[in-house]
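Chemist: fold the following.
(one chain, ligands or ions: 1)
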Amino acid sequence: QAGMFTYDPGFTSTASCRSSITYIDGEAGILLYRGYPIEQLAMQCSFLEVCYLLLRGELPNFDQLKEFERNITMHTMVHDQLTNFFKGFRRDAHPMAIMVGVVGALSAFYHDALDIRSKCDREMSAIRLLAKVPTIVAMCHKYSAGSPFMYPQNKLSYVENFMRMMLATPCEEYEPNPVLVRALDRILILHADHEQNASTSTVRLAGSSGANPFACITAGIACLWGAAHGGANEAVLHMLEEIGDTSRIGIYINKAKDKDDPFRLMGFGHRVYKNHDPRAKLMRETCYEVLGELGLQDDPLFKLALELERIALEDEYFIEKKLYPNVDFYSGIVLHALGIPSKMFTAIFAMGRTVGWISHWDEMIADPEQKIGRPRQLYTGATRRDVPARHGR
Ligand code: SDX
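Modeler: Residues are numbered from 1 along each chain as shown. I've put the predicted structure just below:
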């Protein structure tokens, strides 16, 4: 109910900004989008309903949702010249490298006609990014697979369209499975926003200079790529494949505890959550649903992940350090089961987080008092008087 949470005055002294979009209580494991609990949104709403909520502050009524969906559908195609950008990449280029290049290139197609002080122009940028990022993500996959690009189909829903562009070919249609479509839709909701995380703060800082939204979102994509952030979902799958068997879990738990070993348990720990990440529990439930639908209940990676989580949560190091599974721990297993290759996982994370980045960018630009970001530092270097005579001078 309104006013459920009081703003911790002590925290304002270190807060980088004020925002009404997302609230996290890391100690209690609470995540709210515009005041609604993530658990209810993930189970009762579609991703586009949540996008509308994050962008405009309220859930859409039927007509508003239909108008929003239609608007996005009509912008899912990319300018045909944009396809030329892919040709400059090697086929084995990481999809996030291509995403940085191609999403950044959107600036060259839409930036000139854009006035970021205009609410209407900002809304149009949001529509274009929400519509085109899935098309670009699917193109990244097709390019690396050496397959022809698939065009969006306006009769399909947002996630059906994406899954078809990713998994269909001109020779064979992709028949969307409603359970799998719903699962991916929920995964996007779980990734949609997360307050001032590293990539969202990057987007805000870039946007504070007045840079266009396409360039700012590109900065967020670059930051998300890191293994400590969005790159963790891909790293979790590689870690599970390397562990291979439950008998080897102890080796990796000990490596993670060894201060001299840089290895960290991927998908565990969080800058803010010192309790269960509510998204991880929802992601695990989605795992059960998808693997059940596909008859993969005994998927070895999932079984290994469940056992790894059980052992880690009982380990005194993880208990003492308050390390719990985060959103990335199970997401890779679900995406893997959906037929999405691991090097695409972070691009999928970026596809979900695009709405959060745009919402924070818009909130900041709309604030008449916002100024250019200028983080300060504690100088730890020397102060010297004279440049020494040298080189014979
Ligand atoms: C995301 O900010 C967000 O909201 C991000 C995100 C979002 O939605 O935007 O939630 C998405 O990025 C989730 C995190 C994904 N990353 C990983 O899963 C990579 C593995 N996790 C770690 O690298 C780590 O947990 C971080 C980077 C997420 C947080 O690291 P911190 O800030 O060091 O965590 P901390 O300060 O709470 O760590 C406490 C202690 C430290 O040891 P000490 O210095 O106290 O001796 O626990 C250790 C850490 O070294 N530790 C781990 C660990 N995570 C923290 N030890 C082993 N394995 C781990 N995974």
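Chemist: residues touching the residue of the stretch 1-150 of the chain found nearest the ligand, list them.
Modeler: Nearest residue of the stretch 1-150 of the chain to the ligand, counting by CB to the nearest ligand atom: Ile24, 7.4 Å away. C-beta coordinates here come from the backbone N, C-alpha and C atoms, glycine included. Applying CB atoms under 8 Å, 6 or more residues apart in numbering, one finds that Ile24 lies in contact with Ile30, Leu31, Leu32, His194, Glu195, Val272, Tyr273.
Chemist: can you redo these as CSV with neighbour count, secondary structure and distance to the ligand?
Modeler: Formatted as CSV, the entries for the contacts of Ile24 read as follows, by neighbours: other CB atoms under 10 Å; DSSP: H, G, I helix; E, B strand; the rest coil; distance: CB to the nearest ligand atom, whole Å:
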residue, neighbour count, secondary structure, distance to the ligand
Ile30, 17, strand, 13
Leu31, 27, strand, 9
Leu32, 19, strand, 14
His194, 24, coil, 3
Glu195, 18, coil, 7
Val272, 16, coil, 6
Tyr273, 26, coil, 8
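Chemist: report the beta-bridge partner residues of the residue of the stretch 1-150 of the chain closest to the ligand.
Modeler: Leu31 (DSSP bridges).
Chemist: separation between it and Tyr324?
Modeler: Applying CB to CB, to the nearest Å, the value for Ile24 to Tyr324 is 14 Å.
Chemist: does the closest residue to Leu167 other than its chain neighbours count as helix, strand or coil?
Modeler: Setting aside the residues directly before and after it, Leu167 is nearest to Tyr174 in space (CB to CB, 6 or more residues apart in numbering), at 4.5 Å. Assigned state for Tyr174: coil (three-state reduction, DSSP: H, G, I helix; E, B strand; the rest coil).
Chemist: mind checking pLDDT for Tyr174?
Modeler: Listed pLDDT for Tyr174 reads 89.
Chemist: can you count the residues close to it?
Modeler: 16 (other CB atoms under 10 Å).
Chemist: how near is it to the ligand?
Modeler: The gap separating Tyr174 from the ligand is 29 Å, by CB to the nearest ligand atom, to the nearest Å.
Chemist: cool, Gly244 as well?
Modeler: Going from Gly244 to the ligand by CB to the nearest ligand atom gives 19 Å.
Chemist: now swap in Asp261 and tell me
Modeler: 9 Å.
Chemist: correct me, but that residue touches Tyr252?
Modeler: No. Checked against CB atoms under 8 Å, the pair Asp261 and Tyr252 is beyond contact range at 10.0 Å.
Chemist: between the two, which one's more packed in?
Modeler: Shown here are Asp261 and Tyr252; by other CB under 10 Å, Tyr252 has more neighbours (19 against 10).
Chemist: now that one: closest residue in space, sequence neighbours ignored.
Modeler: Excluding the flanking residues, the one nearest Tyr252 by CB to CB, 6+ apart is Ile243, at 5.4 Å.
Chemist: kindly report the same for Ser331.
Modeler: Nearest non-adjacent residue to Ser331, counting by CB to CB, 6+ apart: Asn233, 4.7 Å away.
Chemist: quick one: contacts for that neighbour?
Modeler: Gly267, Asp328, Ser331, Gly332, Leu335, Phe345, Thr346, Phe349.
Chemist: and for Ser359?
Modeler: With contact set as CB under 8 Å, 6+ apart, Ser359 has these partners: Ile21, Leu54, Leu55, Asp193.
Chemist: what separation do you get for it and the ligand?
Modeler: 14 Å.
Chemist: tell me the secondary structure at that residue.
Modeler: Assigned by three-state DSSP, the conformation of Ser359 is helix.
Chemist: just the pLDDT at the closest residue to it other than its chain neighbours, thanks.
Modeler: In space, and not counting its chain neighbours, Ser359 is closest to Leu54: 4.4 Å by CB to CB, 6+ apart. Listed pLDDT for Leu54 reads 98.
Chemist: surely Leu54 is in contact with Arg34?
Modeler: Yes. Judged on CB under 8 Å, Leu54 makes contact with Arg34 at a distance of 6.6 Å.
Chemist: quick one, which of the two is more surrounded?
Modeler: For Leu54 versus Arg34, the count of surrounding residues by other CB under 10 Å is larger for Leu54: 24 against 19.
Chemist: any idea how far that one is from Arg18?
Modeler: Using CB to CB, we find Leu54 at a distance of 16 Å from Arg18.
Chemist: picking that back up, over to the residue nearest to Ser359: give its phi and psi.
Modeler: In terms of degrees, to the nearest 10, the main-chain angles of Leu54 are phi -60, psi -40.
Chemist: could you shift the numbering so residue one becomes 189, and keep it that way?
Modeler: Got it, first residue is 189 now, which makes that one Leu242.
Chemist: name the residues of the stretch 439-581 of the chain found near the ligand, please.
Modeler: 444, 452-460, 509, 511, 514-516 (CB under 6 Å from any ligand atom).
Chemist: restricted to helices, list the residues you listed.
Modeler: Ala444, Val515, Asp516 (DSSP state H).
Chemist: which residues sit in contact with Leu496?
Modeler: Leu496 neighbours (CB under 8 Å, 6+ apart): Leu428, Ile431, Thr434, Ile437, Tyr440, Ile441, Leu453.
Chemist: part of a helix, is it?
Modeler: Yes. Under three-state DSSP, Leu496 sits within a helix.
Chemist: returning to what we had before: any shared contact partners between Ile212 and Tyr512?
Modeler: Common contacts of Ile212 and Tyr512 (CB under 8 Å, 6+ apart): Tyr461.
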